[in-house]
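Engineer: Quick one: sequence and predicted model below, then my questions.
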Amino acid sequence: MMSDAIVTPKKVWQRRDRKTQLAVWLAWLFGTAVFVYCFQLISERTIWAFVLDAPAQAADLGSRMVPPAWGYIHYLWWPIWDTLNIATLGTIISIVIAVPIAYCAARNTTPSVAFVRPVALFIIVASRSINSLIWALMLVTIVGPGVFAGIIAIGLRSIGFVAKLLYEAIEEIDESQVEAVRSTGASAAQTTVYGIVPQVMPAFAGISVFRWDINIRESTVLGLVGAGGIGLELNAAITQLYWTQVSLMLLVIIATVILSEWVSAKVRHAII
Amino acid sequence: MLRIKGLTKRYRTGDLALKSIDIDVPDGQVMALIGPSGAGKSTVIRCINRLVEPTAGTITLNDTEIVGLSSGNLRRMRRRMGMIFQEYALVERLSVMENVLSGRLGYVGFWQSWARKFPQSDIDEAFRLLARVGLDHMADKRADELSGGQRQRVGICRALIQNPELLLVDEPTASLDPKTSRQIMRLIKELCGERKLAAIINIHDVMLAQMFAERIVGLKLGEIVYDGPPDKLTPAVLTQIYGEEDWASTIRKADDDAEPVDDIAPVMPSIERDRLAGLT
Amino acid sequence: MRNLAVEHRRWKKPPAIKRAWLRWTLIVGAAVYLSLALGTTHVNWARVWEGLPRGIQFITAFLPPDFTSRWTEIVEGIAETLWMTVAATVVGIALSVPVGIGAARNIAPLPVYYFCRSILAVSRSFQEIILAIFFVKLFGFGPFAGFVTLSFATIGFYGKLLAEDIEDMDVSQAEAVRATGAGWLQWLNYGVQPQVMPRMIGLGLYRLDINFRESAVVGIVGGGGIGATLNTSFDRYEFDSAAAIILIIIAIVMAVEYSSGYLRRWVQ
């Protein structure tokens, strides 16, 4: 009785105040509504009978894929070598082009903020937004199918990635080190080599290796549109329904990807 | 002899950092520039080697006008002035030797410096300077492996290898513990004495300024409010420079040096980690 | 005498790789690889030369691009792509939360850990396109296959980063919550979630961005969306329509990237 009387003006604790609470609720409501709407539209265009049948299909497909056609591996060495070359040469090309672009895009090194920088940024965005498969699609119609189209596609796609990360690294350097080199009477080129390059070198090496790793993964599929590498074989095997060969190629792709990831992690670790 | 006349600097933001400063620094004089943050100390120094462009005024070093030099002539001018920085400003991923030799960049061509092929005379001088500051055994260490005091010594070598006529020193002790601060100030003073070198030292530590400088200039809001010998720096003058405070304890010399804190652990910022993970 | 020796100490920049044998192996290895790679890459220069006019034709197609003649297909494709992106991001993240928690070594029991890690490994090893080919086989042509593909790919990306974030968290905070006698779910909610939430929200928005880019290509193998329209226009050599589609993709990627960056800053 007594204690009841004493505590009466109860303090209510709420995690958020009313306004934030309302905002959070509305955000959830809106998000859910958007999601449900999107899903509905997708489901309208889906033949659900196929979807329901999918587990059976998957089981069927799975049974046709084992055992992998191990003997076929001898036909794959050459495509694997091509895939590796597409990724590596493409990465090298992209690095060569990306370095000057990054230099022009970084606010602190660009020759002109008003004219050069926007152009460099546009090149970066354009290259990044277009998937390497789309680049490959274009290049195959232009330069013809083959490894060359793949190399150029990987190169063009990677320019944006490398240049973006690199120019961000350049913008984050310690300006005082650059100022110190400049104050010795060094020329602009010398200031770049002594003040900027050493500071961005680790980031640069890390970015390059990281992109190479991604490119290995991407170059495995370029063949689907005719741009060379193991994807070409994969596409052929799928269209001809040689499922045991398909499963072998999938295993090969996994192995390549894991290997390249391991190499890239090792190298990046050594740099840092 | 350095002669500054009517030096004025207005930043693009509209702030008037310096209001017509006049200073003459004769050869061999070690001058300390004191004043609160934002008084324009750093701007004065950076105007002299034109890391900051002065708005008006003239600066002459041994009869060469600095303001208005073309970029080629400015480079040759900068060779004649050594600069020592607050956070050392060593290029951290270069070796100690490369950092010292970078002081000769104004004298060698691009490809020569790119290949690190400096003349043997420069290398001899670099080793001699490193030996003078007690670091010649560290020549091939990377700069970021050094402690704060050691880094500042390398910074001093980089400035001196330019064979300068003037030393510009920007807050040399701001990142150092009290004991190392004194060692560095003593070293700068000794080296200036050996080479009959004039120096302008920005410093916020009034006590150190009094101990090591022959002349003190007090700056407040871009104007000179004191110019004279260290022993005339009375509480009244300090109040005028810095504002009201009990100055008696600052002027009396304190001798309670703390132990040197000489280890710096390089920490990789998380942004770097994220970037290498490709996430930013 | 000694002094004289000191006077002319030579100095050379120490090599970046200290062990000489390793340095030379790397240099020679790189040279051999490059010459082999360049030597075995077959380029049909005649075909490339032949294609150059077509390349120029393609570039000129950008001025001006043709938005009108395939407008309805383009709108349809873009809309489908956007639905796929949103739905797949939501479902993918929802599914990756349990997988990610299961793949964190510091809170999951070992069998669960291995199971979840293997899901992540499979999802991450295959390019979205390869996944899409199989899902198209299973679910038939159309956006549903693309949706499943992107959801699955999202699990690999998001689950792995979530697991790593949980493994990196501050143990003492989580321990303090456990010390109050909280149950396992309460512990997750109070001890773990607040630590990983801010970064994960940011990564979710980032993944939305990636999913849009990827969804533009799953259409090439039949997974619905703008990719199918683009593929058709290339097949028919309708470069001006293709240019229009590419410009639209670039614009949307920029818009998504900009707004997701803005949202990320707002949330954090």
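Structural biologist: Cool, the structure landed.
Engineer: neighbours of residue B:86, just the number please.
Structural biologist: The tally of other residues near residue B:86 (other Cβ atoms under 10 Å in any protein chain shown) stands at 17. No exception for glycine: its C-beta is placed from N, CA and C like everyone else's.
Engineer: How about residue B:120?
Structural biologist: Counted with other Cβ under 10 Å, residue B:120 comes out at 12.
Engineer: now do residue B:65
Structural biologist: So residue B:65, with other Cβ under 10 Å, has 13 neighbours.
Engineer: Report the closest residue of the stretch 1-150 of chain B relative to chain C.
Structural biologist: Closest to chain C within the stretch 1-150 of chain B is residue B:116: 4.3 Å, counting by Cβ to the nearest Cβ.
Engineer: Test for you: state the pLDDT assigned to the nearest residue to that residue once chain neighbours are set aside.
Structural biologist: Once flanking residues are discounted, residue B:116 sits nearest to residue C:13: 4.3 Å by Cβ to Cβ, 6 or more residues apart in numbering or on different chains. Residue C:13 carries a pLDDT value of 83.
Engineer: Could you pull out the helices in the stretch 101-250 of chain C for me?
Structural biologist: Using DSSP state H, counting those that start in this stretch, the helices of the stretch 101-250 of chain C run over C:110-125, C:128-139, C:143-167, C:171-179, C:184-187, C:193-218, C:226-235, C:239-267.
Engineer: Go through these and name the closest to residue B:57.
Structural biologist: helix C:239-267 (43.0 Å; Cβ to Cβ).
Engineer: Please see if that closest one touches chain B.
Structural biologist: No - Helix C:239-267 is not in contact with chain B by Cβ under 8 Å from any Cβ of the partner chain; minimum separation 10.3 Å.
Engineer: Same check on stretch A:125-138?
Structural biologist: No - using Cβ under 8 Å from any Cβ, stretch A:125-138 stays clear of chain B, with a minimum separation of 12.3 Å.
Engineer: residues touching residue C:154, list them.
Structural biologist: Residue C:154 sits next to C:88-89, C:91-93, C:95-96, C:207, C:211 when contact means Cβ atoms under 8 Å, 6 or more residues apart in numbering or on different chains.
Engineer: Go again with 7 Å.
Structural biologist: Residue C:154 is in contact with C:88-89, C:92-93, C:96, C:207, C:211, counting by Cβ atoms under 7 Å, 6 or more residues apart in numbering or on different chains.
Engineer: and what of residue B:17?
Structural biologist: B:9, B:11, B:40, B:43, B:222.
Engineer: Give the PyMOL command for selecting the buried subset of those residues.
Structural biologist: Restricted to buried positions by 16 or more other Cβ atoms under 10 Å in any protein chain shown, the PyMOL selection for the contacts of residue B:17 reads:
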select buried, chain B and resi 9+40+43+222
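Engineer: Throw the contacts of residue B:17 into JSON lines and include secondary structure and distance to residue B:133, thanks.
Structural biologist: Below are the contacts of residue B:17 laid out as JSON lines (DSSP: H, G, I helix; E, B strand; the rest coil; distance: Cβ to Cβ, whole Å):
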{"residue": "B:9", "secondary structure": "strand", "distance to residue B:133": "33"}
{"residue": "B:11", "secondary structure": "coil", "distance to residue B:133": "36"}
{"residue": "B:40", "secondary structure": "coil", "distance to residue B:133": "30"}
{"residue": "B:43", "secondary structure": "helix", "distance to residue B:133": "29"}
{"residue": "B:222", "secondary structure": "coil", "distance to residue B:133": "35"}
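Engineer: List the backbone torsions phi and psi for residue B:24.
Structural biologist: Main-chain dihedrals, residue B:24, degrees, to the nearest 10: phi -120, psi 130.
Engineer: what bridges to the closest residue to it other than its chain neighbours?
Structural biologist: The shortest distance from residue B:24 to any non-neighbouring residue, by Cβ to Cβ, 6+ apart, is to residue B:3 (5.2 Å). Residue B:3 forms beta bridges with residue B:24, residue B:60, as assigned by DSSP bridges.
Engineer: Work out for me the element the residue in the stretch 1-150 of chain A positioned nearest to chain B sits within.
Structural biologist: Going by Cβ to the nearest Cβ, chain B is nearest to residue A:128 of the stretch 1-150 of chain A, at 12.3 Å. Assigned by DSSP states H and E, residue A:128 belongs to helix A:116-129.
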